[in-house]
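Novice: What follows is a predicted structure for the sequence shown.
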Amino acid sequence: MNSQETLTVDVNPPPTASTFTLRQLLTFLIPSLLGILLFLTPIVYEDKVTIGLGLLADSLKAATDDYLPAIAVTLLGVSAIIGLFASLLKPRWITGHHALNELFNLHPLWLGLRIVGALFAAMTFWQFGPEWIWSANTGGVVLNDLAPVLITFFLVAGLVLPLLTDYGLMEFVGTLVRNVFRKVFGLPGRSAIDAIASWLGSGTVGVLITAQQYQKGFYSAREAAVIATNFSVASIAFSLLITNFMRLDHLFVPFYLTVVVAGLAAAIITPRIPPLSWKKDDYVAGVGKQINEDVPQGLSLMRWGMIQAVQRANDNPSPIKVAKVGVHNVVDIWLGLLPLVMAIGTISLVIAEYTPIFNWLSYPLVPLLELLQLPEAAKAAPAILVGFADMFLPAVLGKGIESELTRFVVACVSLTQLIYMSEVGVLIIKAKLPLNLLELFVIFIIRTLITLPIIALMGQWIVG
């Protein structure tokens, strides 16, 4: 069969057309299958469940681990210096170039955070200044633990993400599951890809996909806000890490089942109440709505999904242009997101580690935890609330709780809260999704209040 042989459906058809070439079909199938293998296929490697993307990123991290903190300090320094130069002097070679102007000509707030992030990184790397900034539990966590993962993971993810998003796979899957996602979650079917990529890979990958789809006009403001705050779920790999850390690995299967049930409940309820219910179905100005998952009469879901997928794949820019977009994504993450993670993540961890603020804020939770008959409620309350700063902090604070039931509840809740400022929260704000810091905190509290009773009841049944 040669590349011009015809099959079923035309690449630019009226909806009832019936032909497309093998070459056009393969333009959809090959990149999409590669995307599935890298992002959506679970792999068991050295007793750890991961995905191909995670395996590549882990291999790159292992090969460069000794140098990654220094690389992070260099990237943050370059970001701050060029950002300061461009924002103050506004040279034409930057302001006249759209990508460079977006990256370096900054609002004073973002410029200030870049400078703070670079300063915190330098203080942590060379260990000078106040110890509460560069200690192992504050700046050290961000520079030595988070930054290396972000650098390697997004280097790989940024370059290969178009395989998942730009060659028709989201159109195909979205068409097949549109009815379920529309009725249950009020979302386009293509958002299923975000959830699966997060589940098997990383919550930050889900947010990155959502942000790109929003900027391209495939999600409205409401849809993007809902998906980013409800479907960027914790990965299986991270869930395994949490259960091991909190001595719950013998309960992993019922533990993860509990996370799934509570997470689904939150995803159904949270979008139907403010602030998410107040979001409008507006699309990015100048781009407009780029999606239509309605199925024309006379066509099956499978056939219409294939039409949409093949058309999307063959309308895509050349591989060279796609590669340029991928490189831009990586540079934007390294020079734009990383400084914010360093600044906001360190500040959040300092507040959690050295101030009683989270203890004070958690006082109202204590009666609720006691009502749910959880032992050591006073210890569990701050561990639950501190998840807003970083997803791993609840495990750090909750590890010393003696009650297995309470540790089970703290661990499950931490995985269903989803919004943590050291990484996902910063990415949501940096990606210009239609959410602000106050809204993120309110959604975090709402998700906590929805999932906590469900998890506590299931915990009573599972752990006893």
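Specialist: Done, it's in.
Novice: Which elements pack onto the strand or helix carrying Ile307?
Specialist: Following DSSP states H and E, one finds Ile307 within helix 301-314. Secondary-structure packing of helix 301-314 (3 or more C-beta pairs under 8 Å, 6 or more residues apart in numbering; DSSP states H and E): helix 22-35, helix 169-185. Placement of C-beta: from N, CA and C, glycine included.
Novice: any idea of the mean pLDDT in that helix?
Specialist: In this model, helix 301-314 has a mean pLDDT of 84.
Novice: And stretch 386-402, by the same measure?
Specialist: For stretch 386-402, mean pLDDT is 82.
Novice: what about dumping the CA coordinates of that stretch to PDB?
Specialist: The C-alpha trace of stretch 386-402 is given here as PDB (Å, rounded to 0.1, in the frame of the first residue of the first chain):
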ATOM      1  CA  VAL A 386       0.200  23.200  55.000                       C
ATOM      2  CA  GLY A 387      -0.400  21.400  51.700                       C
ATOM      3  CA  PHE A 388      -1.100  24.800  50.200                       C
ATOM      4  CA  ALA A 389       2.600  25.600  50.500                       C
ATOM      5  CA  ASP A 390       3.900  22.300  49.100                       C
ATOM      6  CA  MET A 391       2.400  18.900  48.400                       C
ATOM      7  CA  PHE A 392       5.100  17.000  50.300                       C
ATOM      8  CA  LEU A 393       4.900  19.100  53.500                       C
ATOM      9  CA  PRO A 394       1.800  17.300  54.900                       C
ATOM     10  CA  ALA A 395       3.800  14.000  54.700                       C
ATOM     11  CA  VAL A 396       6.700  15.700  56.500                       C
ATOM     12  CA  LEU A 397       4.500  17.100  59.300                       C
ATOM     13  CA  GLY A 398       2.300  14.000  59.500                       C
ATOM     14  CA  LYS A 399       4.900  11.300  59.500                       C
ATOM     15  CA  GLY A 400       5.300  11.600  63.300                       C
ATOM     16  CA  ILE A 401       1.500  11.000  63.900                       C
ATOM     17  CA  GLU A 402       1.200   7.700  65.700                       C
END
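Novice: Numbering from 50 from now on, please.
Specialist: With the count now opening at 50, the last piece we talked about shows up as stretch 435-451.
Novice: Where among the helices and strands packed on helix 350-363 is average confidence lowest?
Specialist: helix 218-234 (a mean of 81).
Novice: and the angle from the helix holding Ile356 to helix 218-234?
Specialist: 130 degrees (axes from the mean of the first three to the mean of the last three C-alpha atoms, to 10 degrees).
Novice: Of all the residues in the following helix or strand past helix 350-363, which ones are buried?
Specialist: Downstream of helix 350-363, the first helix or strand assigned by DSSP H and E is helix 368-381. For helix 368-381, burial by neighbour count (16 or more other C-beta atoms under 10 Å) applies to 371, 374-375, 378-381.
Novice: same deal with stretch 435-443?
Specialist: Neighbour counts over stretch 435-443 (16+ other C-beta under 10 Å) mark 435-443 as buried.
Novice: which residues sit against that stretch?
Specialist: 190, 283, 287, 291, 394, 397-398, 400-401, 407, 432-433, 446, 459-460, 462-464, 466, 468-474, 490, 493, 497 (C-beta atoms under 8 Å, 6 or more residues apart in numbering).
Novice: give the contact list for Ile131.
Specialist: 153, 384 are the contacts of Ile131 under C-beta under 8 Å, 6+ apart.
Novice: So it, which state does it fall into?
Specialist: helix (DSSP: H, G, I helix; E, B strand; the rest coil).
Novice: Same check on Leu484?
Specialist: At Leu484, secondary structure determined by three-state DSSP is coil.
Novice: Please report how far it lies from Tyr263.
Specialist: 11 Å (C-beta to C-beta, to the nearest Å).
Novice: Only alpha carbons, please: show the helix holding Ile356 as PDB.
Specialist: What follows is helix 350-363 as a C-alpha-only set of coordinates in PDB (Å, rounded to 0.1, in the frame of the first residue of the first chain):
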ATOM      1  CA  LEU A 350     -18.200   8.900  17.300                       C
ATOM      2  CA  MET A 351     -15.200   6.900  16.000                       C
ATOM      3  CA  ARG A 352     -15.500   8.200  12.400                       C
ATOM      4  CA  TRP A 353     -15.900  11.800  13.500                       C
ATOM      5  CA  GLY A 354     -13.100  11.500  15.900                       C
ATOM      6  CA  MET A 355     -10.800  10.300  13.200                       C
ATOM      7  CA  ILE A 356     -11.900  13.100  10.900                       C
ATOM      8  CA  GLN A 357     -11.100  15.700  13.500                       C
ATOM      9  CA  ALA A 358      -7.800  14.000  14.400                       C
ATOM     10  CA  VAL A 359      -6.500  13.700  10.800                       C
ATOM     11  CA  GLN A 360      -7.500  17.200  10.000                       C
ATOM     12  CA  ARG A 361      -5.700  18.600  13.100                       C
ATOM     13  CA  ALA A 362      -2.500  16.600  12.400                       C
ATOM     14  CA  ASN A 363      -2.300  17.700   8.800                       C
END
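Novice: before we move on, the earlier item: of the contacts of stretch 435-443, which belong to helices?
Specialist: Members of the contacts of stretch 435-443 lying in helices (criterion: DSSP state H): 287, 291, 394, 397-398, 400-401, 407, 432-433, 446, 459-460, 462-464, 466, 490, 493, 497.
Novice: Domain ranges for this protein, per the record?
Specialist: 71-281+336-384, 288-323+396-511 (automatic domain parsing).
Novice: Could you point out which of the ones you listed sits nearest Asp330?
Specialist: domain 71-281+336-384 (4.1 Å; C-beta to C-beta).
Novice: Next, the distance between the ends of that closest one.
Specialist: Length of domain 71-281+336-384, first residue to last, C-alpha to C-alpha, to the nearest Å: 41 Å.
Novice: now do stretch 332-349
Specialist: Termini of stretch 332-349 sit 28 Å apart (C-alpha to C-alpha).
Novice: try stretch 83-101
Specialist: In stretch 83-101, first residue to last residue: 10 Å (C-alpha to C-alpha).
Novice: in that stretch, what counts as buried?
Specialist: Using 16+ other C-beta under 10 Å as the test for burial, stretch 83-101 gives 83-85, 87-89, 99-101.
Novice: again, but for stretch 411-431
Specialist: Within stretch 411-431, the residues that count as buried by 16+ other C-beta under 10 Å are 411, 414-415, 417-418, 421, 423, 425-426, 428-431.
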